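Chemist: Everything below, folded, please.
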Amino acid sequence: MTPTNNQIARTEAHWSKFAEEDVKVEAVGGTVYGFSSEIGCRRLADKMNAGRVGYSKNLNTWYFANK
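Modeler: Residues are numbered from 1 along each chain as shown. Presented below is the predicted three-dimensional model:
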């Protein structure tokens, strides 16, 4: 299922509150990714008690993945 633009916007707002900074959200291949700083992504993982955090060399940014 591909999320709608409205769902992406709501997720960005929700995750940005958890991360305490702006988070850019994208859906790729059934996984929702949040792109932010390292600390923002780690806050997301901690608050959601799930997901994974990593660094994308291609995009030169940190990400949080919900799967």
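
Chemist: Please count neighbours and contacts with C-alpha atoms only from this point.
Modeler: Noted.

Chemist: thinking Y33 is in contact with V25, fair?
Modeler: Yes: the criterion here is CA atoms under 8 Å, and Y33 meets it with V25 at 5.6 Å.

Chemist: Could you look up the SS state of the residue at minimal distance from the centre of the chain?
Modeler: Nearest to the mean C-alpha position of the chain, counting by CA atoms, centre = their mean, stands G34 at 1.6 Å. In three-state terms, and counting by DSSP: H, G, I helix; E, B strand; the rest coil, G34 is strand.

Chemist: Now it. Nearest residue, chain neighbours left out?
Modeler: Leaving aside its sequence neighbours, G34 sits nearest to V25 (CA to CA, 6 or more residues apart in numbering; 4.4 Å).

Chemist: Hmm, S36 and that neighbour touching each other?
Modeler: No: contact criterion CA under 8 Å: V25 and S36 do not qualify, at 9.1 Å.

Chemist: returning to that earlier point: C41 versus the residue nearest to G34, what's the distance?
Modeler: Distance, V25 to C41, by CA to CA, to the nearest Å: 12 Å.

Chemist: tell me which residues in the helix ranked longest in the chain are buried?
Modeler: The residue-count maximum for a helix in the chain (DSSP state H) belongs to helix 5-19. By neighbour count with 16 or more other CA atoms under 10 Å, helix 5-19 contains the buried residues 8, 11-13, 15-16, 18-19.

Chemist: That concludes my questions; thank you for your assistance.
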